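Q: model the following, please.
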Amino acid sequence: MRAATESHAPSILVVDDDQSLASTLKEFLTREGYSVEVALSGAEALAIQAANPDIALALVDLVMPVMGGLALTDELRRRDPELTVVIMTGYATIETAVDAIKRGAEDYVTKPFDFEAVRKKLGRLMEVVELRERVAQLEKHLERHPCFENIISLSAPMERVLERARMAAGTDASVLLLGETGTGKEMLARAIHAASKRARMPFVAVNSGALPHELVESELFGFRKGAFTGAYADAPGIFSAATGGTVFLDELGEMPKEVQVKLLRVLQEKELRPVGGTHAVPVDVRIVAATNRSLSELRSTLLREDLYFRIATIVVEVPPLRNRPEDILVLSQHFAARLSRRYGREISLTRPAIELLLAYAFPGNVRELENCLERTYAFTSGPLIHTVDLPPEIADLPQQDSPSANGNGSAKILPIAELEKRTILHAISELHGDKLQAARLLGIGKTTLYRKLKDYAAQGYLS
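A: This next block holds a predicted model:
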């Protein structure tokens with residue numbers, strides 16, 4: 001992955017042997033707020049790319065002497081697999097477009113230019129570029145910040161979750177995490193522990209639903225020698241092993257009622273009695289629990305009422321991935337980058353593939369997205385993940401028609417442009433008009449934000 005630079009904005013490289021056209025295009029893109037470099041040949045383009053690591057998108061003429069556009073695309077992307085390439089051609093055919101995309105181009109534009117169409121197309125593509133750079137910036141912090149920075153997210157719902165979790169980490173109160181399977185509740189629990197005063201002490205996780213019913217009590221609270229058949233020596237149990245630290249109780253709703261009585265004693269009296277023991281043992285642990293059941297179900301049927309009130313001191317609800325599509329974008333890029341590092345082969349997602357990921361409901365949430373991309377990576381040999389490479393349940397989804405080709409797209413799939421517009425306007429509204437804070441929260445550049453707001457005003461969405 002290209003290293004994100006905080007001092008320089010991503011640049012666009014225009015490559016065309018027609019100097020007049022290249023100059024006109026540079027003037028137009030400069031007015032749009034981009035930093036633009038111009039090359040009049042393939043050789044000059046490669047020299048500029050080598051000297052400028054901030055080149056993020058290249059507009060390449062198809063027909064040029066010595067080195068044509070497709071050959072130049074091959075070489076540009078060989079040097080930088082994440083470079084976004086758009087072919088410019090006056091000879092557009094379906095065959096040309098397919099060949100260009102097979103060679104690694106993201107899209108193509110036709111001459112003479114419809115500058116409004118070019119502006120919108122490049123704006124959408126540069127959003128993906130900025131997203132990748134935002135991911136790179138987040139990843140630079142992973143080793144240095146072992147707490148909440150490990151949780152990759154740009155969405156407003158998850159920002160609220162993380163803010164509540166940070167506040168919980170500063171206390172010693174019990175925390176109850178709610179959320180569907182695969183939303184990352186254990187990762188959030190580990191972050192709360194790592195940010196707390198107990199960080200240097202053990203974090204012990206246990207799945208309450210996975211323990212055999214008859215062993216839950218002895219596993220949690222320990223036992224004394226001779227307490228039952230096979231108890232040949234004293235065993236401390238999970239709570240004693242976690243002394244000074246945090247016990248993470250996953251699937252809390254599956255815990256037997258008789259064990260809940262003992263757990264309540266731990267919370268109230270800060271002591272426990274091992275199975276077969278005659279004396280209480282003091283215990284100092286913080287409890288973080290999690291469940292995929294609803295809060296009302298926990299309170300009404302699954303937990304003792306007194307335990308519920310003790311353990312639900314702080315409640316944090318993690319939203320499903322389908323309710324935070326911005327995170328599908330950033331997590332997809334994050335997982336692709338991680339797979340590239342792990343296996344030593346660069347790979348990235350095409351925009352149509354991202355469209356399909358956004359259209360899919362992900363019932364397994366973040367865990368399913370990660371598994372989906374790893375499975376896709378294993379069966380993809382090239383540098384790009386296309387729609388046909390995705391698992392059948394995603395690849396076979398109906399795709400949104402292009403607005404330029406057909407104004408009646410499927411209502412089932414929300415176009416990225418519409419998703420971006422709703423997200424940006426909602427963020428600005430939630431932040432009471434603070435555009436710079438909205439740009440930071442959304443992970444986009446302020447230039448991009450102001451350009452989009454200008455678009456929305458022209459479309460009548462802003463007064």
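Q: quickly find the element holding the most centrally placed residue in the chain.
A: Of all residues in the chain, the one closest to the mean position by CA atoms, centre = their mean is L331, 2.3 Å from it. In this structure, L331 is located in helix 325-343 according to DSSP states H and E.
Q: give me the contacts around the very next helix or strand once past that helix.
A: Going down the chain from helix 325-343, the next helix or strand is strand 348-349, by DSSP H and E. Outside strand 348-349, the residues that touch it by CB atoms under 8 Å, 6 or more residues apart in numbering are 81-82, 132, 332-333, 336, 357, 383-385. Just so you know, the C-beta spots here come from the backbone N, C-alpha and C atoms, and that holds for glycine as well.
Q: equivalent analysis for stretch 103-120, please.
A: Contacts of stretch 103-120 from elsewhere in the structure, counted by CB under 8 Å, 6+ apart, are 21, 25, 28, 32, 59-60, 62, 70, 73-74, 77, 84-90, 92, 96-97, 100-101, 121, 125, 350-351, 383-384, 404, 417, 455.
Q: and that stretch, how far apart are its ends?
A: Taking CA to CA, to the nearest Å, stretch 103-120 runs 23 Å from one end to the other.
Q: so which bits of it are buried?
A: 103-110, 118-119 (16 or more other CB atoms under 10 Å).
Q: give me the lowest-pLDDT entry from those residues.
A: Lowest pLDDT within the buried residues of stretch 103-120 is found at R103 (72).
Q: gap between that residue and G69?
A: 9 Å (CB to CB, to the nearest Å).
Q: now do L252
A: In this structure, L252 and G69 are separated by 59 Å, where distance is defined by CB to CB.
Q: quickly list the domain ranges of the protein.
A: Under the assignment automatic domain parsing, the domains of the chain span 11-140, 156-321, 324-395, 416-458.
Q: in three-state terms, label the residue lying closest to D434 once chain neighbours are set aside for me.
A: Of all residues beyond its chain neighbours, the one nearest D434 is I428 (7.5 Å), with distances taken as CB to CB, 6 or more residues apart in numbering. Under the three-state scheme (DSSP: H, G, I helix; E, B strand; the rest coil), I428 adopts helix.
Q: ok, back up a step: looking at the domains of the chain, which is nearest to F148?
A: Go through the domains of the chain one by one with CB to CB and the one that ends up closest to F148 is domain 156-321, at 4.9 Å.
Q: centre of the chain to that closest one, how far?
A: 27 Å (CA atoms, centre = their mean, to the nearest Å).
Q: still on that earlier bit, who's in contact with the residue nearest to the centre of the chain?
A: When contacts are counted by CB under 8 Å, 6+ apart, L331 touches 152-153, 321, 366, 369-370.
Q: with R451 instead?
A: R451 makes contacts with 32-33, 123, as judged by CB under 8 Å, 6+ apart.
Q: same list (the residues you listed) but as TSV, adding distance to I311, neighbour count and secondary structure.
A: As requested, the contacts of R451 are arranged in TSV below (distance: CB to CB, whole Å; neighbours: other CB atoms under 10 Å; DSSP: H, G, I helix; E, B strand; the rest coil):
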residue	distance to I311	neighbour count	secondary structure
E32	54	18	coil
G33	51	16	coil
G123	48	18	helix
